[in-house]
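> The sequence and its predicted three-dimensional model are supplied below.
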Amino acid sequence: MNRESDSPGAVGTPLHAWPGGGDNTPAPVHPPDLFAFRYPAKPGHRGTDTSIAAAASMLGAAPTLRALVLSALSERDMTADEAAAALGETVLAVRPRFTELARMGLIEDGGDRRANASGRKAIVWRIRP
């Protein structure tokens, strides 16, 4: 066990290496953080093949986009559409990050509304105090 991924309980440990898996490996001291593999830590989907594919395509980008959104919100409160424009990203890539950040408890509805590109009122988000 000279690599980190070879240690019991490491992410990526084969299922047969877990207790009860047949090789008498001792129970891991710190099991993997299963939250890291669920929404909102990873992009969610609606269970259709296209939604699952879209979520999978954002696995690498979502954490970076969430960080960029938080950075933008540290400058001023804004809608998801405003953040997308400020970041030079599509609203389809940015809007879901707002939902994820809100579920994580990092941002909240600031109480104001502004028109988005469609002319509809949109939530103006802020970083939670």
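Done, it's in.

> Mean pLDDT per helix and strand in this structure: which one sits at the bottom?
Sorting the helices and strands of the chain by mean pLDDT, DSSP states H and E puts helix 49-57 at the bottom, at a mean of 78.

> elements contacting the helix or strand just after that helix?
Beyond helix 49-57 on the C-terminal side, the first helix or strand identified by DSSP states H and E is helix 62-75. Under the contact definition 3 or more C-beta pairs under 8 Å, 6 or more residues apart in numbering; DSSP states H and E, helix 62-75 sits against helix 80-87, helix 91-103, strand 107-115, strand 121-127. For glycine as for every other residue, the C-beta is placed from the backbone atoms N, C-alpha and C.

> mind listing what's buried in the last one?
Pointing back at strand 121-127 there. Of all the residues in strand 121-127, those buried under the rule 16 or more other C-beta atoms under 10 Å are 122-126.

> Do I have it right that residue 107 meets residue 126?
Yes. Using C-beta atoms under 8 Å, residue 107 is in contact with residue 126, at 6.5 Å.
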